[in-house]
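K.L.:
please work out how this folds:
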Amino acid sequence: MPLILRRPLFVEDIKAIWTYVAADNEATANRLLHELEERYRLLSERPQLGSRRFSRYPAMRLFPFRRYLIIYQPLDTGDGIELVRLLHTAGDYRKFFDE
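P.N.:
Predicted structure coming up:
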């Protein structure tokens, strides 16, 4: 099974999203995390699925899921991905990566 690594900011993002959704419905928040995990597995198996959007970080990719953007990069070893950020589509994701 391919590796799925998580950067600290990604972990903070996922906790914040779970907390926000769980304030209304904890079961929905748990389902969202489960569905996200399924997407991470898919991306780890097919790391080229996401699109390249970051000129300063050419290896980094973006993959949409519902109202979120999974920002990740394939591992140099070719055996998985590193999850970088999980951002809401309402925000400007570019401000986190481009000048």
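K.L.:
identify all contacting residues around the helix or strand encompassing residue 30.
P.N.:
Here residue 30, judged by DSSP states H and E, is contained in helix 26-45. In this structure, residues lying in contact with helix 26-45 by C-beta atoms under 8 Å, 6 or more residues apart in numbering are 1-4, 14, 17-19, 21-22, 49-50, 63, 65-66, 68, 70, 72, 80-81, 83, 86. Yep, even glycine has a C-beta here, placed from its N, CA and C like the rest.
K.L.:
pLDDT (mean, whole number) over it?
P.N.:
If you average the pLDDT over helix 26-45, you get 97.
K.L.:
CA-only coordinates of that helix in CSV, if you can.
P.N.:
Output of helix 26-45 as CSV, limited to C-alpha atoms (Å, rounded to 0.1, in the frame of the first residue of the first chain):
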residue,chain,number,x,y,z
GLU,A,26,-20.6,14.9,14.6
ALA,A,27,-21.7,11.9,12.5
THR,A,28,-21.5,14.1,9.4
ALA,A,29,-18.0,15.2,10.4
ASN,A,30,-16.9,11.6,10.8
ARG,A,31,-18.4,10.6,7.4
LEU,A,32,-16.5,13.5,5.8
LEU,A,33,-13.2,12.4,7.3
HIS,A,34,-13.9,8.8,6.1
GLU,A,35,-14.6,10.0,2.6
LEU,A,36,-11.5,12.2,2.6
GLU,A,37,-9.4,9.2,3.7
GLU,A,38,-10.8,7.3,0.6
ARG,A,39,-9.6,10.2,-1.6
TYR,A,40,-6.2,10.2,0.0
ARG,A,41,-5.9,6.5,-0.8
LEU,A,42,-6.9,7.0,-4.4
LEU,A,43,-4.4,9.9,-4.7
SER,A,44,-1.6,7.8,-3.1
GLU,A,45,-2.2,5.1,-5.7
